[in-house]
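Enquirer: give me the fold of what follows.
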Amino acid sequence: MSKGTSPPAPPGAVAAAGDGPADDLVPAGFALRADPGSQLLAGGTVLTGGYPTRVLRLTPAGARHVEGWWTGIPVPGNLKARALARRLLDTGIAHPAFATHPAFGAAERTFAPCRDDITVVIPVRDRQDELARCLAGLTAMPRVIVVDDGSRDPEGVARVAAQAGASVLRRPVNGGPAAARNSGLAAAQTPLVAFLDSDCVPGPGWLDALLPHFADPAAGAVAPRIVPHENGRSWLARYEGASSTLDMGERPSIVRPGSRVPYVPGAALIVRKDAAGAGFAEDMQVGEDVDFIWRLGAAGWRTRYEPAATMGHQHRVRFGAWLARRKDYGTSAASLELRHPGAVRPFYASPWTAAAWLAATAVRPEAGAVVTGTATALLARRLARVTGEDWPWPVSSAAWRLAARQAGGGTLRAALPLGSAISRTWWPVALPAAVAVRRLRLPLAALVLAPPLLDWLDRRPPLDPARYVAARLLDDIGYSLGVWQGCAARRTVRPLLPVLRARQLDSQPPAGPVT
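Expert: You can find the predicted model right below:
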């Protein structure tokens, strides 16, 4: 967000994304693969998966298509099949697959980008050593623009760029990353623009898994997984190597608010120039990349996160700079929430889940169990209309199993985002409450410690659990300080408030038969 105190521009006043894609359907010849969490039920006529979980009822023809896609058969030219494929990609039930079937290839031939189709844009202010290391990995790229964003030593930046064969675009006044990227975007004359921060270290083949995504005409941007360039030895370097805020994880995803990967950092991002429009919002010094991705999505473009491609990054590992950067990230929450209402909240849950955890926190577990049981039964009744089963019997039906997984299991899983919300946003309120009310101390402590401990068990980083948990809590505290500071500057409390809404089931079958 902008670090000033002036009120934010309304969404329509910031740089707009380009017009939406000309063809919103998945191209014929595209191949899909199922997300590991997807599941076919009721003889293949009910498909569930994605994030958040969706439940789709398929026509018999649609079920045959899905069964074929899961084995690698490409999407046919039928319009309704292409629309169904788009729904699966957009909900996270499926992901793009490339070269997995002998018949695959038609979509790739539509637009198969190569290095000649890309201009690499590197915004930089001084940091000549980092720039030199970044450029060393781009020797095979024919077009590289270094945007000097008001460096104090412009001759040094120009010298490093010239040694690598890159051109330099000089900005006389520092305008921040958004303005620098926009200058490079305006100068690029290729269909694709790759934005790389100067502290990125491209390795061999860094583009190989990213470019095929642009065979989809609706793909506006693709981001790789960002990993540490070198394994550090300090406790903070080892924490960053395992839990950097730039690393969005090992699972591919559609990128949008509410998905498994709600945003991707602009440190490494390939964008279709037609989708980028005027580019990044220059009044935002932090969070401009998140705003850009969300505006792409609002215009109809899709952004994909592709962890099969990795980008090395020189992480901040000095404590003061690291904590200050976490606080900076937090200050963007207020601006992002004002631009994208409802997208930046600390906790999202159904009213049933919230009520169950409120009872549990108040040391009333039996009340929480009643609430969760009631929610499960009501959800099973709704799902039975989708699966075509009777309700309430038998309790072994697919509707009941789905309801138990979503309502019952979802309530248990909500402990992790609830604990993160306390440590990342609500601790200035939760801490005094725990001091004042003795019986709240143990539940609140358990909620706060559970996410980092479980994360340690999942990642098994080269760091003992005590120091990992401590680093994670410091990470959260730094971010939360920025959130509260940003809320004060923007005079809003919306980033501090949870969102309680009923579970939405994407349960309607496609309009008409899919043939």
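Enquirer: export the helix or strand hosting W357 as PDB, just CAs?
Expert: Applying DSSP states H and E as the criterion places W357 in helix 351-361. What follows is helix 351-361, C-alpha atoms only, in PDB (Å, rounded to 0.1, in the frame of the first residue of the first chain):
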ATOM      1  CA  PRO A 351     -21.400 -18.900  11.000                       C
ATOM      2  CA  TRP A 352     -21.600 -22.600  12.200                       C
ATOM      3  CA  THR A 353     -17.800 -22.900  12.300                       C
ATOM      4  CA  ALA A 354     -17.500 -19.600  14.100                       C
ATOM      5  CA  ALA A 355     -20.100 -20.600  16.700                       C
ATOM      6  CA  ALA A 356     -18.400 -24.000  17.300                       C
ATOM      7  CA  TRP A 357     -15.000 -22.400  17.900                       C
ATOM      8  CA  LEU A 358     -16.500 -19.700  20.100                       C
ATOM      9  CA  ALA A 359     -18.000 -22.400  22.300                       C
ATOM     10  CA  ALA A 360     -14.800 -24.300  22.300                       C
ATOM     11  CA  THR A 361     -12.700 -21.200  23.300                       C
END
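Enquirer: which residues touch the helix or strand that that helix is followed by?
Expert: Note on helix 351-361: by DSSP H and E, the next helix or strand toward the C-terminus is helix 365-387. With contacts defined as Cβ atoms under 8 Å, 6 or more residues apart in numbering, helix 365-387 is touched by 41-42, 46, 55, 57, 350, 352-353, 355-357, 359-360, 390-392, 397-400, 402-404, 406-408, 411, 503, 505, 507. C-beta: built from backbone N, CA, C; applies to glycine.
Enquirer: the stretch 101-250 of the chain: strands as residue ranges?
Expert: Along the stretch 101-250 of the chain, the segments classed as strands by DSSP state E, counting those that start in this stretch run 118-124, 144-149, 167-171, 192-196, 200-201, 219-228.
Enquirer: and A377, how many neighbours does it have?
Expert: Using other Cβ atoms under 10 Å, A377 has 16 other residues around it.
Enquirer: so how far is E389 from it?
Expert: Distance of A377 to E389, computed by Cβ to Cβ, to the nearest Å: 14 Å.
Enquirer: can you give me the strands for the stretch 401-515 of the chain?
Expert: Under the criterion DSSP E, counting those that start in this stretch, the stretch 401-515 of the chain contains strands at 499-500.
Enquirer: which regions of it lie under the pLDDT threshold?
Expert: Scanning the stretch 401-515 of the chain for pLDDT under 70 picks out 503-515.
Enquirer: the nearest residue to R439 once chain neighbours are set aside: neighbour count?
Expert: In space, and not counting its chain neighbours, R439 is closest to V363: 5.3 Å by Cβ to Cβ, 6 or more residues apart in numbering. Using other Cβ under 10 Å, V363 has 12 other residues around it.
Enquirer: equivalent analysis for the one 5 residues further on, please.
Expert: One way to gauge burial is a neighbour count; for G368, by other Cβ under 10 Å, it gives 20.
Enquirer: do R233 as well
Expert: Neighbours of R233 under the rule other Cβ under 10 Å: 9.
Enquirer: what's the answer for A299, then?
Expert: So A299, with other Cβ under 10 Å, has 16 neighbours.
Enquirer: with the one 4 residues further on instead?
Expert: The number of residues packed near T303 is 26, by other Cβ under 10 Å.
Enquirer: most packed of the strands of the stretch 101-250 of the chain?
Expert: Highest mean neighbour count of those: strand 192-196, a mean of 27 (counted as mean count of other Cβ atoms under 10 Å).
Enquirer: so how far is it off the chain centroid?
Expert: Relative to its parent chain, strand 192-196 has a centroid offset of 18 Å by Cα atoms, centre = their mean, to the nearest Å.
Enquirer: same question for stretch 270-284.
Expert: The answer for stretch 270-284 is 17 Å, by Cα atoms, centre = their mean.
Enquirer: give me the phi and psi for the residue of the chain most remote from its centre.
Expert: Here the chain reaches farthest from its C-alpha mean at W393, the gap being 39.5 Å by Cα atoms, centre = their mean. With angles defined as degrees, to the nearest 10, W393 sits at phi -110, psi 150.
Enquirer: which secondary element of the protein has the worst mean pLDDT?
Expert: Scoring the helices and strands of the chain by mean pLDDT, DSSP states H and E places helix 106-110 at the bottom, with a mean of 50.
Enquirer: buried ones in the longest strand along the chain?
Expert: What stands out as the longest strand in the chain, according to DSSP state E, is strand 302-313. Across strand 302-313, burial judged by 16 or more other Cβ atoms under 10 Å covers 302-307, 309-313.
Enquirer: can you redo those as TSV with pLDDT and distance to V147?
Expert: Compiled in TSV, these are given as follows (pLDDT from 0 to 100; distance: Cβ to Cβ, whole Å):
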residue	pLDDT	distance to V147
R302	97	27
T303	98	22
R304	98	25
Y305	98	25
E306	97	25
P307	96	28
A309	96	23
T310	96	24
M311	97	19
G312	96	21
H313	95	19
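Enquirer: what two of those are the furthest from one another?
Expert: R302 and G312 (25.9 Å; Cβ to Cβ).
Enquirer: what number of residues lie near P392?
Expert: 12.
Enquirer: also W294?
Expert: Neighbourhood size, W294 [other Cβ under 10 Å]: 23.
Enquirer: ok, now D117?
Expert: Using other Cβ under 10 Å, D117 has 17 neighbouring residues.
Enquirer: just how off-centre is stretch 254-271 within its chain?
Expert: Per Cα atoms, centre = their mean, the centroid offset for stretch 254-271 relative to its chain is 4 Å.
Enquirer: what do you get for stretch 420-433?
Expert: Mean-position distance between stretch 420-433 and its chain equals 24 Å (Cα atoms, centre = their mean).
Enquirer: residue numbering should commence at 327 henceforth.
Expert: Sure, I'll start counting at 327 from here, so that last one is stretch 746-759.
Enquirer: so what touches it?
Expert: With Cβ under 8 Å, 6+ apart as the criterion, stretch 746-759 contacts 672-673, 766, 770, 773-774, 777, 799, 802-803, 805-806, 809-810, 821-822, 824.
Enquirer: please redo it, this time with the cut-off set to 6 Å
Expert: Contacts to stretch 746-759, defined as Cβ atoms under 6 Å, 6 or more residues apart in numbering, come from residues 672-673, 766, 770, 773-774, 777, 802, 805-806, 809.
Enquirer: pLDDT weak spots in the protein?
Expert: Counting by pLDDT under 70, the chain has low-confidence residues at 327-344, 425-437, 829-841.
Enquirer: let's see 50
Expert: Applying pLDDT under 50 to the chain flags residues 327-342, 426-431, 433-435, 833-841.
Enquirer: for the longest helix along it, name the packing helices and strands.
Expert: Ordering each helix of the chain by length in residues (DSSP state H) puts helix 791-816 first. Applying 3 or more Cβ pairs under 6 Å, 6 or more residues apart in numbering; DSSP states H and E, we find helix 791-816 packed against helix 645-665, helix 767-785.
Enquirer: elements contacting the longest strand of the chain?
Expert: If contacts are counted by 3+ Cβ pairs under 6 Å, 6+ apart, strand 628-639 sits against strand 526-527, strand 545-554.
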